[in-house]
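Colleague: Need the 3D shape of this:
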Amino acid sequence: MWIKRRTVEMSSAGENMDRIEREILIDAPIERVWALVSEPGWWVGDGDPSHRSVTQEGDLVVVDYPPYGRFPVLPISSDAPRYVSYRGGEDPGQQLVEGTSTLVEFFLTEQGGGTLLRVVESGFTSLYPSADARATAVEDNVGGWEMQLDVAKRDAEQMQA
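Modeller: So this is what the prediction gives:
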């Protein structure tokens, strides 16, 4: 069973898109879903992890996914197996703090023998001051999260117990 929800917070003018929320019900135990989402940068790419290489550079994890580029991921907080958060950006040389990155949070809840996985990505307003650039980034990421949640569902449901 699929559950999808799109929530994009907007100002009354419709120009302050800052937050994306998506969720999916996965037919797998919470520990199996946690094994996927607790890996920094698991969501980078097109669903084929064989093209992805991951390196550790201090506290930063850099995911290299040709031809799309190198993406820095900074683990922020973890409360296994229910919550994990990261900061992500577009420039591996840039410090990932509020204003230069988005905050990506994963919430896991046991539900009916499976796991409800919810992703919340926020911080678009400070990262993209231009309304046009922000709208493009939000639109791209909405589609990206739909694809990545499908990948998480596929991979968690196919993992060996």
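Colleague: What separation do you get for residue 133 and residue 41?
Modeller: Here the criterion is CB to CB, to the nearest Å. By it, residue 133 lies 23 Å from residue 41. Any C-beta I mention is one placed from the backbone N, CA and C, and that applies to glycine too.
Colleague: out of the two, which sits in the busier spot?
Modeller: Neighbour count, other CB atoms under 10 Å: between residue 133 and residue 41, residue 41 has more, with 20 against 12.
Colleague: what about the closest residue to residue 46 other than its chain neighbours, which SS state?
Modeller: Sequence neighbours aside, residue 147 is the residue nearest to residue 46 in space, at 7.5 Å (criterion: CB to CB, 6 or more residues apart in numbering). Of the three states, residue 147 takes helix according to DSSP: H, G, I helix; E, B strand; the rest coil.
Colleague: quick one: residue 147 and residue 44 touch, right?
Modeller: No - counting by CB atoms under 8 Å, residue 147 stays clear of residue 44, with 11.5 Å between them.
Colleague: which one of the two has more residues nearby?
Modeller: In this view residue 147 and residue 44 are compared by other CB under 10 Å, and residue 44 has more residues nearby, 23 against 13.
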